[in-house]
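# Coordinates only, no sequence provided:
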Ligand SMILES: Nc1ncnc2c1ncn2[C@@H]1O[C@H](COP(=O)(O)OP(=O)(O)OP(=O)(O)O)[C@@H](O)[C@H]1O
């Protein structure tokens with residue numbers, strides 16, 4: 001299968017600081033990829049470049065042969081870290097907002113996610129707990145029929161109940177063979193079972209990458225233990 005997402009010698013500098021120092025990536029369609037690294041390793045920067053929100057300083061990203069930007073807006077669905085929703089909204093307003101914004105937004109999928117994520121459309125955004133907020137963000141992003149989903153730290157600060165709902169939600173939203181998902185996290189043990197591939201990022205460089213099952217077999221360890229070993 002050919003690479004759907006490709007990054008070649010990707011570098012990003014913020015004033016004098018290099019956040020990415022030459023990242024190469026090859027991701028096929030239909031894979032769930034764990035982008036693993038400690039705080040500040042460059043995960044968000046990499047996802048924002050793929051989403052077309054940041055320009056690389058050097059190198060390039062190609063998604064289905066296209067550079068990130070307007071041409072890929074309908075292919076890429078990005079869930080940023082933190083909140084990006086207006087405070088005046090109720091959950092139903094956020095859903096309408098996404099429906100207006102994205103042609104590929106699937107209202108039926110959003111209805112299913114409301115139930116799965118145990119969210120009430122009448123609830124105000126400002127009344128949501130952190131876990132509920134993350135579940136709403138996931139609902140919005142996964143309700144699009146995109147070809148690549150970028151989830152930045154979806155498990156950060158989430159209690160075990162919400163965590164399970166989020167992992168189930170990711171698996172439900174994943175269209176096998178048709179879409180890819182990249183999930184950045186440093187909470188590896190909770191989610192490693194769903195990864196097909198993993199990429200270990202450290203100080204803006206890929207320290208190791210490959211098929212998750214092969215890595216476990218070769219090293220006789222969980223991805224979490226390999227993470228601890230590789231990214232001391
Ligand atoms: N807008 C910015 N201006 C200056 N430096 C930045 C900016 N954004 C990120 N950085 C720096 O770039 C490096 C990579 O940051 P990035 O947010 O990509 O890492 P991360 O792995 O996503 O971290 P976290 O897990 O904490 O979200 C860090 O050293 C960070 O301080």
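Looks like it came in fine. Remember, predicted model here, so these are calculated numbers, not experimental data.

# Next, find the distance separating residue 55 from residue 68.
9 Å (C-beta to C-beta, to the nearest Å). C-beta coordinates here come from the backbone N, C-alpha and C atoms, glycine included.

# Who has more neighbours out of those two?
residue 68 (23 against 11; other C-beta atoms under 10 Å).

# Quickly list what's touching both of residue 55 and residue 68.
Residues within reach of residue 55 and of residue 68 at once, by C-beta atoms under 8 Å, 6 or more residues apart in numbering, are residue 49.

# Can you name the next helix or strand after the one helix or strand residue 25 maps to?
In the assignment (DSSP states H and E), residue 25 maps to strand 17-28. Following strand 17-28 in sequence order, the next helix or strand is strand 32-36 (DSSP H and E).

# Assign a three-state SS to the residue minimising distance to the centre of the chain, would you?
Computing the C-alpha centroid of the chain and ranking residues by C-alpha atoms, centre = their mean puts residue 151 first, at 1.9 Å. Secondary structure, DSSP: H, G, I helix; E, B strand; the rest coil: residue 151 is strand.

# OK, contacts around it?
79, 138, 141, 170, 181, 182, 183, 184.

# Could you give the bridge partners of the last one?
Spelled out, it's residue 184. Bridge pairing for residue 184 (DSSP bridges) gives the partners residue 35, residue 152.

# what's the spacing between the residue nearest to the centre of the chain and the ligand?
12 Å (C-beta to the nearest ligand atom, to the nearest Å).

# same question, residue 167
Residue 167 is 19 Å from the ligand, by C-beta to the nearest ligand atom.

# Now the phi/psi pair for that residue, please.
phi -70, psi -40 (degrees, to the nearest 10).

# Tell me which residues touch the residue nearest to residue 142 when sequence neighbours are not counted, please.
Nearest non-adjacent residue to residue 142, counting by C-beta to C-beta, 6 or more residues apart in numbering: residue 173, 3.2 Å away. Listed by C-beta under 8 Å, 6+ apart, the contact set of residue 173 reads 109, 113, 138, 142, 143, 149.

# Could you verify my assumption that residue 219 touches residue 228?
No - the pair residue 219 and residue 228 fails to qualify as a contact (C-beta atoms under 8 Å) at a distance of 11.8 Å.

# quick one: low-confidence ranges for the chain?
Along the chain, the model assigns pLDDT under 70 to residues 1-2, 175-176.

# one step back: okay, and the common contacts of residue 219 and residue 228?
By C-beta under 8 Å, 6+ apart, no residue touches both residue 219 and residue 228.
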